Structure formats: structure tokens, C-alpha cells
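Peer 1: coords below, sequence missing:
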């Protein structure tokens, strides 16, 4: 029977990365709270391997969708938001995972969930991604206490997977599917315009990174750092104005370093 109000809706966009998706879903199932978790996986590409992984891990309380349209996580996450029934929303990339007992720790501290928007500590895992699967290299725990402040209006500071949002906070907020980059950051600033999050001292996600030639990320680092990226920064700045003069000056300095000089008042 379909749960009417799960405690958590976990939204996972995916794009033909079944081995990594398998790892992500294993980490969600390992939380041991199946009756309280709704998993929503949205694939932007027809892929038999992805379907097989979802068939293995998803229950009748979960959702798997193959959507149409251009690839990209924003449209997929928006579909997930529209379908989510949970009291709290968590976004998990298909190449990341959760530490054991993350959600159990949250549930044992209900006062955390009552805060509306929270973020917690994570670890960063370096790995190589070979055809037969990922190869672990190293892992470092990151304490994110004092890592989030008004400078988040200059550049992003905390990975999306570290946040938990109450569903009510996200009402009226969506990801911009037309952005070339930084759509996560833009989304977060829309939330922060309503309410700044509170840090909680628990361990949440494993953020996996690849910095060598085995990376499977779409797009190139060079294209993410060209002048289009500068325009994306400006786009975010204009969508999220801020009165703080120090933040405005830091925005101006960042753009100037990237080759775009604008008056502080414009930012």
C-alpha cells in the first residue's frame, strides 16, 4: 500500500550511470527506514541497466520515471519535487551516497527536522571510474560548521546532498532547466532568500569526486570555466540581489578576475 506521508522523499536524478546509481540506492536502503522513505528516481535517458537497478532496489512505495526532453538534472529534480509526498525533501546525486545511520540520527533528533532547512557534515571521496566500476582512492571527513554564511551569495559553499528541506519551505521553488551550470546554487539561494539553514553536527553524505581522465561527468571542465560560466554567475547575482555592500564588492571582484568589470551597485 502506498504511504500517504513518508518522513523523507529522496529525489535522485540519473543519466546512464547504473553502477553509481546502484551504490547510491544501496546506501539509502541501508538506512533501515524503508517504511519512512520514498525514493524518486528520474532518468533522462532510456537505459536498460538503470531500469534493472531500480527494479532491484525500489519498492511499491517508490517511483521510477523515464522522462522526455533534453538531458540534465534540473528538469528531473523538478519532476521529483512535483511528485514528492514526504514531509522532508533530500536531493541525492546518482554518483553520491549516504553514510550509515544518517536518517536514523535525524529521526532521533526531531528538533533538527523542525528547523525547516538544515545541513550537516559530509565526507569527500576521491575515486577513479573504470568501465568495471569505481575504484576507491581516499576519503576525508569535512566538518561544515561555520562553512555557510552570506558569502554563499558570492559562490556556493555546501554540496546539495548535505541539506534537508521541509517540503513547505520549497513551495514555489524550482530548478532552472535553462542554466548551463550552477543550477544547484541558484536553487539554494532561492531557499536562503526565505530562510537560512542551520548546521547540525552529524555525518550525512559521501560526495564522490573524480579529478583524472576517468571522469564520466557530462561536459568539460574547460567549458564550465569559460565566459559562459561568468555569465551564469552574473545571472545568479541578478536573480538574487543582496543589500550587503561587502558581498556586493566580493561579487564585483570575482567577476573582474574572470574578465567582466561591473559597478558594485549593479550587483
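Peer 2: Received, thanks. Since we're looking at a predicted model, the values are computed, not measured.

Peer 1: So residue 209 sits against residue 128, correct?
Peer 2: No: the pair residue 209 / residue 128 is not scored as a contact, 10.7 Å apart, by CB atoms under 8 Å. In short, each C-beta sits where N, CA and C put it, glycine included.

Peer 1: Straight-line length of stretch 24-35, end to end?
Peer 2: 18 Å (CA to CA, to the nearest Å).

Peer 1: can you list the residues that contact that stretch?
Peer 2: Stretch 24-35 is contacted by residues 3, 7-8, 10, 12, 37, 39, 41, 53-54, 57-59, 61, 92-104, 107, 206 when judged by CB atoms under 8 Å, 6 or more residues apart in numbering.

Peer 1: Kindly report the same for stretch 176-183.
Peer 2: 70, 72-75, 78, 156, 175, 186-187, 224, 228-229, 232-233, 235-236.

Peer 1: where does the residue nearest the centre of the chain sit relative to residue 186, distance-wise?
Peer 2: Geometric centre of the chain, nearest residue: residue 160, 3.2 Å, by CA atoms, centre = their mean. From residue 160 across to residue 186, the span is 11 Å (CB to CB, to the nearest Å).

Peer 1: next one: residue 198
Peer 2: 21 Å.

Peer 1: which one of the two has more residues nearby?
Peer 2: Ranked by neighbour count (other CB atoms under 10 Å), residue 198 and residue 186 place residue 186 first, with 19 against 13.

Peer 1: following the helix or strand where the more buried one lies, which helix or strand comes up?
Peer 2: Assigned by DSSP states H and E, residue 186 belongs to helix 183-192. Per DSSP H and E, helix 183-192 leads on to strand 198-209 as the next helix or strand towards the C-terminus.

Peer 1: dump the residue contacts of the residue nearest to residue 36 when sequence neighbours are not counted.
Peer 2: Residue nearest to residue 36 in three dimensions, not counting chain neighbours: residue 7, with 4.1 Å by CB to CB, 6 or more residues apart in numbering. Residues near residue 7 by CB under 8 Å, 6+ apart: 33, 36-37, 86-88, 103, 107.
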